[in-house]
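*Asks:* Sequence unavailable; structure follows:
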Ligand code: HEM
């Protein structure tokens, strides 16, 4: 703004001679142009993007201060919280946001204003004296994943959160995700704190970094790449569905009872994962065994590990030393898991000595073979075997079980999707008449049956997009760096990326991002589309991309097809489904459904 323009502007207030807001004479405020420009830009951007209403009953008067602050506000964030912000209907936000401008950011950012649908309330980051962001994190720990969405909606796609001895860089900017997981991968290991929180997994693939990770990844690649292994996964998923899952539901129909599908699916994925790793079926599913101490210990351990991610390290270490709270659970869980692992490893070695299981299709046998061959990174005796096997069990069971539960929740809430899946399944089994369908029940779908099913595959991908099994991806910065969105990264900074929040970004997935819409994965000529894959972050990306994603999809599709075809599920009315505060996106109260035999 030049002098002339300034005079014209000032004229709006009346005669300049009577206007002393900036002082006058030789000490006239030097920043008046800047001040007015900042005010104008902020006002213009806010008024254009938001509808702002004063909160009724909130009294605004001046503070007794040298600066004319308002009495009932504390800092900038609280000031915005005293206003009611609402989106104008059918109005797309402009790319330049007032907040960014005021921060002096040169790069405009599009802020996604999708309002959280789970709880309908928006909380933002607030800072407390000394404690910084900690109280805010503690207050929102029970709704961590929704909170990530709120942060993105309120503060932009990237935000640095500070507390005592704590600096977290939270981001759901896809450019940053790509950069951290691929472009500058060596600068972003999981980090020391992560490794300590997951100490139970020892030096296993999930929890290792640098050369050790590289070696472990190669070994796991060998175990997963063998034909024997993929054949075994296909056979096992079919066997467990046919012999345990379907008969269990048939029994439930007879008793016309309500079932928690999430618990059932956790048992299903435990059985298949355990079977593929140790070569024996624990049959948790058919027993619906409340006595599955191993699985219970895994649940307790995961709860404690979540606590370790949200509590300050000093605090959880102290609890660990005193063996109190969830740390006590962790301690007890570890004893159970360690003893069970030792037992199963000893059994497997004995079996191999006696010549059984020579074809080495299960993962533990492959690892024992690689160890006997003295391959690199296999030293450490039984500890190496324990860390490797336990890592896979942890990585496979809960993520896949939870995803299967969200699949059923999404499909049952969208009857049109359910009938399209059924139409596709009918074609596989060549069912033309109703007699065909009712005569031969139960129908079992194996991995070959479901391989070419485009719509079922799309529905699985859509579930995994909206409900990523691992909703947070954590890394730690090694060296100073600058992310593609201009954010400075300091060494040792904790980086949290949220695929859960990314799935809820209109700028990435369109205005209907919250809609469960398998069609977004299908091209106009009915083929699977590659395009959404580029922005799909559920399995991670780059060199550390999930090694079990095909395994997971086989498990999901075999169970989903056989169950949907044979049974009709109804969500129990009034049963609220929402995520549990956990590292894995499980459901807080399970998934209660009523099961009937399907009649077409
Ligand atoms: C729907 C189910 C699953 C989801 C959503 C999922 C997701 C993920 C994600 C996000 C990562 C981390 C990537 C990163 O650090 O950047 C990961 C890593 C991993 N996943 Fe999965 N996963 C699933 C199923 C499985 C299964 C069935 C297995 C094993 C059989 C498995 C084994 C692993 C392993 C070993 C890693 C560590 C890879 C590494 O650090 O190099 N996952 N998974």
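*Replies:* Arrived safely. All figures in this text were calculated on a predicted structure; none of them were measured in a lab. Numbers count the residues shown, from 1 in each chain.
*Asks:* Am I right that residue 448 is in contact with residue 235?
*Replies:* No: Residue 448 lies out of contact with residue 235 (CB atoms under 8 Å); the separation is 10.8 Å. Where C-beta positions appear, they are placed from N, C-alpha and C, glycine not excepted.
*Asks:* Between those two, which is the more surrounded one?
*Replies:* Each of residue 448 and residue 235 has its neighbours counted (other CB atoms under 10 Å); residue 235 has more, 15 against 10.
*Asks:* Please report how far that one lies from residue 243.
*Replies:* Distance check for residue 235 against residue 243: by CB to CB, to the nearest Å, it reads 12 Å.
*Asks:* for residue 299, same thing?
*Replies:* On the measure of CB to CB, residue 299 and residue 243 end up 25 Å apart.
*Asks:* Please apply the same query to residue 145.
*Replies:* From residue 145 across to residue 243, the span is 35 Å (CB to CB).
*Asks:* who's more crowded, the two?
*Replies:* Comparing residue 145 with residue 243 by other CB under 10 Å, the one with more neighbours is residue 145, at 24 against 16.
*Asks:* mean confidence for the helix or strand harbouring that one?
*Replies:* Assigned by DSSP states H and E, residue 145 belongs to helix 144-155. When pLDDT is averaged over helix 144-155, the result is 92.
*Asks:* Off-centre distance for the helix or strand just after that helix?
*Replies:* Once helix 144-155 ends, the next helix or strand along the chain (criterion: DSSP H and E) is strand 158-163. A distance of 19 Å separates the centroid of the chain from that of strand 158-163, by CA atoms, centre = their mean, to the nearest Å.
*Asks:* roughly how far apart are residue 331 and residue 297?
*Replies:* 11 Å.
*Asks:* Compare the two and say which is more crowded by neighbours.
*Replies:* More neighbours surround residue 297 than the other of residue 331 and residue 297, with 22 against 15 (other CB under 10 Å).
*Asks:* Could you tell me which residues make contact with the closest residue to residue 516 other than its chain neighbours?
*Replies:* Residue nearest to residue 516 in three dimensions, not counting chain neighbours: residue 410, with 4.6 Å by CB to CB, 6 or more residues apart in numbering. Applying CB atoms under 8 Å, 6 or more residues apart in numbering, we find residue 410 in contact with 417, 459, 462-463, 466-467, 516.
*Asks:* do the helix or strand hosting residue 410 and the ligand meet?
*Replies:* Using DSSP H and E, the element containing residue 410 is helix 381-412. Yes: using CB under 6 Å from any ligand atom, helix 381-412 reaches the ligand at 391-392, 395-396, 399-400, 403.
*Asks:* Off-centre distance for whichever helix or strand comes after that helix?
*Replies:* Downstream of helix 381-412, the next assigned helix or strand under DSSP H and E is helix 415-428. Distance of helix 415-428 from its chain centroid, counting by CA atoms, centre = their mean, is 28 Å.
*Asks:* do stretch 414-423 as well
*Replies:* 26 Å.
*Asks:* which ones are touching the residue of the stretch 401-550 of the chain found nearest the ligand?
*Replies:* Distances between the stretch 401-550 of the chain and the ligand by CB to the nearest ligand atom are smallest at residue 548, namely 2.1 Å. Applying CB under 8 Å, 6+ apart, we find residue 548 in contact with 224, 392, 395-396.
*Asks:* The helix or strand where residue 306 lies to helix 144-155, inter-axis angle?
*Replies:* According to DSSP H and E, residue 306 maps onto helix 293-310. The directions of helix 293-310 and helix 144-155 differ by 20 degrees, with axes from the mean of the first three to the mean of the last three CA atoms, to 10 degrees as the criterion.
*Asks:* list the helices and strands helix 293-310 packs on?
*Replies:* Here helix 293-310 is seen to pack against helix 192-197, helix 261-278, helix 326-353, helix 381-412 when contacts are counted using 3 or more CB pairs under 8 Å, 6 or more residues apart in numbering; DSSP states H and E.
*Asks:* Give me the average confidence score over it.
*Replies:* Helix 293-310 shows a mean pLDDT of 92.
*Asks:* what residues does that helix touch?
*Replies:* Here helix 293-310 makes contact (CB under 8 Å, 6+ apart) with 137-138, 141, 144, 196-198, 200, 266-267, 270, 282, 284, 316, 325-327, 329-330, 332-334, 336-337, 340, 393-394, 397-398, 472, 474, 581-584.
*Asks:* Just give me the residue right at the centre of the chain.
*Replies:* residue 471 (0.8 Å; CA atoms, centre = their mean).
*Asks:* In stretch 130-148, which of the residues would be classed as buried?
*Replies:* 132-134, 136-137, 140, 143-148 (16 or more other CB atoms under 10 Å).
*Asks:* show me what contacts the nearest residue to residue 130 once chain neighbours are set aside?
*Replies:* Spatial nearest neighbour of residue 130, excluding adjacent residues (CB to CB, 6+ apart): residue 164 at 6.7 Å. Going by CB under 8 Å, 6+ apart, residue 164 touches 130-132, 134, 312.
*Asks:* returning to what we had before: could the buried residues of stretch 130-148 be laid out in CSV, adding distance to residue 571?
*Replies:* Listed next are these as CSV, based on distance: CB to CB, whole Å:
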residue, distance to residue 571
132, 41
133, 37
134, 38
136, 34
137, 32
140, 27
143, 22
144, 25
145, 21
146, 21
147, 26
148, 26
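*Asks:* what's the spacing between the helix or strand containing residue 211 and its chain's center?
*Replies:* Element membership for residue 211 (DSSP H and E) is helix 210-225. Counting by CA atoms, centre = their mean, helix 210-225 is centred 24 Å from the centre of its parent chain.
*Asks:* Could you point out the helix or strand that follows it?
*Replies:* Next helix or strand after helix 210-225 toward the C-terminus (DSSP H and E): helix 227-240.
*Asks:* what's that next one in contact with?
*Replies:* Outside of helix 227-240, the residues within contact range by CB under 8 Å, 6+ apart are 223, 268, 271-272, 275-276, 281, 285, 359-363, 366, 444, 446-448, 550-551, 554-555, 558-559.
*Asks:* Buried only: go through these for me.
*Replies:* Buried among these (16+ other CB under 10 Å): 223, 268, 271-272, 275-276, 281, 285, 360-363, 366, 444, 446-447, 551, 554-555, 558-559.
*Asks:* Can you list which of these are found in strands?
*Replies:* Under the assignment DSSP state E, the buried ones among the contacts of helix 227-240 contribute nothing to strands.
*Asks:* check the residues you listed against the ligand, which are close?
*Replies:* residue 551.
*Asks:* The buried ones among the contacts of helix 227-240 in helices, which ones?
*Replies:* 223, 268, 271-272, 275-276, 285, 363, 366, 447, 551, 554-555, 558-559 (DSSP state H).
*Asks:* Among those, which one sits closest to the ligand?
*Replies:* Closest approach between those and the ligand, by CB to the nearest ligand atom: residue 551, at 4.3 Å.
*Asks:* how about the nearest residue to that closest one, chain neighbours excluded?
*Replies:* residue 233 (5.5 Å).
*Asks:* Count the residues that sit near the one you found.
*Replies:* 24.
*Asks:* Look up how far the ligand lies from it.
*Replies:* To the ligand, residue 233 is 8 Å away according to CB to the nearest ligand atom, to the nearest Å.
*Asks:* What pLDDT is listed against that residue?
*Replies:* Value for residue 233, per-residue pLDDT: 89.
*Asks:* what's around residue 484, how many residues?
*Replies:* Other residues close to residue 484 by other CB under 10 Å number 17.
*Asks:* Ramachandran coordinates for residue 170?
*Replies:* Residue 170 adopts backbone torsions of phi -100, psi 130, taken as degrees, to the nearest 10.
*Asks:* quick one: it and the ligand, what's the gap?
*Replies:* Applying CB to the nearest ligand atom to residue 170 and the ligand gives a distance of 16 Å.
*Asks:* try residue 142
*Replies:* For residue 142, the distance to the ligand (CB to the nearest ligand atom) stands at 22 Å.
*Asks:* how distant is the helix holding residue 306 from the center of its chain?
*Replies:* Worked out by CA atoms, centre = their mean, helix 293-310 lies 17 Å from the chain centre.
*Asks:* Same check on stretch 479-498?
*Replies:* From the chain centre to the centre of stretch 479-498 is a distance of 20 Å (CA atoms, centre = their mean).
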